[in-house]
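*Asks:* I need the structure of the sequence given here:
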Amino acid sequence: MADHARDEWAPPGIDTLTPHSARMYDWWIGGKDNFEADRELGTLFAEAIPSIRTDLRNAGGKVVDEEVVVDGNVITSRSPADLPAFCASLVAQLEQAPAHS
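*Replies:* This next block holds a predicted model:
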């Protein structure tokens, strides 16, 4: 599922639903020019190719090996095995969010 609110900044003609290798790399090194599809496939790559963590560190990225990481409005986890902790963190963040009318 794409995060449409985050993806609204995309230039016309950019397909935010299809992952792109350059945007996956951008996400891996902590960049901001990527979309949900890039992050989802990037996560699958990181799980399938553990050495990618070393590559990320060598490129200046920060790899955090924790069940859940909350960075501002972004909540991430390592793998599907971390889903219970991810969901608990998501609920906690939503409970803290200000109500909108």
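*Asks:* which SS class is the most centrally placed residue in the chain?
*Replies:* Residue closest to the average C-alpha location in the chain (Cα atoms, centre = their mean): Arg39, at 4.6 Å. Here Arg39 is helix, with the state taken from DSSP: H, G, I helix; E, B strand; the rest coil.
*Asks:* Kindly list the main-chain dihedrals of the residue lying closest to it once chain neighbours are set aside?
*Replies:* If the residues on either side of it in the chain are set aside, Arg39 comes closest to Trp27, at 5.2 Å by Cβ to Cβ, 6 or more residues apart in numbering. Every residue, glycine included, has its C-beta placed from N, CA and C. Backbone torsions for Trp27, taken as degrees, to the nearest 10, come to phi -70, psi -40.
*Asks:* just checking, Trp27 touches Ala37?
*Replies:* No. Applying Cβ atoms under 8 Å as the test, Trp27 and Ala37 come out as separate, 10.4 Å apart.
*Asks:* tally of neighbours for Leu83?
*Replies:* Leu83 has 12 neighbouring residues, counting by other Cβ atoms under 10 Å.
*Asks:* for the one 10 residues further on, same thing?
*Replies:* For Gln93, the number of neighbouring residues by other Cβ under 10 Å comes to 12.
*Asks:* Check for me that it belongs to a helix.
*Replies:* Yes. Checked against three-state DSSP, Gln93 lies within a helix.
*Asks:* Pull the contacting residues for it.
*Replies:* 70, 75 (Cβ atoms under 8 Å, 6 or more residues apart in numbering).
*Asks:* And it, how far from Val68?
*Replies:* According to Cβ to Cβ, to the nearest Å, Gln93 and Val68 sit 10 Å apart.
*Asks:* Quick check: neighbours shared by these two?
*Replies:* Residues touching both Gln93 and Val68 (Cβ under 8 Å, 6+ apart): Ile75.
*Asks:* Please enumerate the helices of the protein.
*Replies:* For the chain, applying DSSP state H gives helices covering 4-7, 21-28, 36-48, 52-58, 83-96.
*Asks:* what does the average pLDDT come to for the second one?
*Replies:* Confidence over helix 21-28 (mean pLDDT, whole number) is 86.
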